[in-house]
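Student: prediction below, plus the sequence it came from.
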Amino acid sequence: MWDEKTKSKVLELYKTGDTCIDIAKKLAPCRWTIAIWINKAGLMRSVSNQQKVSHPTRKLSKEEIERRTATRRKNGWYPSESAKHMANKRRLAARRSIGWFKSEETRISYRKKMKALKSRPDGKTELRRQINNHYFYKEWRKNVLKKNDYTCQVCGKRGGKLHAHHVDKIVNILRRHGISNVIQAEVCDELWDISNGQTMCYECHIRGGIHAA
């Protein structure tokens, strides 16, 4: 963009002691372009050799700080105490609605239930884990979500965290067909039937108590 004549003039002025800002005031290129040219030419002076310019900072008085703070609070820079209180209430209500804060009885019963599931002699918990990680289950889930257009069939919410729910529970299908391993589960057509699947959002599926029974 700039010819060699301008570049050579810039380098000559820089050698005489002018700074990039001084050269930019005299010539057309901006100071950043001038700095790039000087750096490529290997003539950039170190910080110790350059003229150090001190920029005095104005110390604000206490009244000035209070005035600026009041103006910013008036313009909405800082939320008021009532706004903070309402935001905290909404945050706590949302967390309480999804079960963040549970009673001690609920936590104890949950721990007992999980302990009983892990100690089941028939190994159904391990089988369910293998089924959920199986390729057939992932394909079944994808087809169920696609069938329902990624929309919750309970509340009508589209998108988000969606689950594929078995209308007839998996445990009932396993017991009915006597399935005890993954190989038997692969050949069970009822287990992978898309018509038995229903798309549900997280709130309706887990928090709604579908699997409470």
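Tutor: Thanks, I have the structure now. Predicted model only: the values in this text are computed from it and were never measured. Numbering: from 1, shown residues only.
Student: what's the first helix or strand after the helix or strand bottoming out on mean pLDDT in the chain?
Tutor: Between all helices and strands in the chain, the lowest mean by mean pLDDT, DSSP states H and E belongs to helix 104-118, at a mean of 68. Once helix 104-118 ends, the next helix or strand along the chain (criterion: DSSP states H and E) is helix 124-132.
Student: mind checking the SS state of the closest residue to Val154 other than its chain neighbours?
Tutor: Distance criterion Cβ to Cβ, 6 or more residues apart in numbering; nearest residue to Val154, sequence neighbours excluded, is Cys204 at 4.1 Å. (Each C-beta comes from the backbone N, C-alpha and C, glycine too.) In three-state terms, and counting by DSSP: H, G, I helix; E, B strand; the rest coil, Cys204 is helix.
Student: mind listing the strands for the chain?
Tutor: 162-166, 197-201 (DSSP state E).
Student: deepest of those strands, which one?
Tutor: Ranked by mean neighbour count under mean count of other Cβ atoms under 10 Å, those are led by strand 197-201, which reaches a mean of 22.
Student: just give me how far that one sits from the chain centre.
Tutor: Per Cα atoms, centre = their mean, to the nearest Å, the displacement of strand 197-201 from the mean C-alpha position of its chain is 24 Å.
Student: please apply the same query to stretch 131-149.
Tutor: Counting by Cα atoms, centre = their mean, stretch 131-149 comes out at 25 Å from the chain centroid.
Student: same question for stretch 150-158.
Tutor: The answer for stretch 150-158 is 23 Å, by Cα atoms, centre = their mean.
Student: can I get the CA coordinates of that stretch in CSV?
Tutor: What follows is stretch 150-158 as a C-alpha-only set of coordinates in CSV (Å, rounded to 0.1, in the frame of the first residue of the first chain):
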residue,chain,number,x,y,z
TYR,A,150,-37.6,-34.0,19.4
THR,A,151,-40.7,-32.8,21.3
CYS,A,152,-41.7,-33.8,24.8
GLN,A,153,-45.0,-35.7,24.5
VAL,A,154,-46.1,-34.6,28.0
CYS,A,155,-45.5,-30.8,28.1
GLY,A,156,-44.9,-30.1,24.4
LYS,A,157,-41.4,-28.6,25.0
ARG,A,158,-39.2,-29.0,21.9
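Student: lovely, talk soon.
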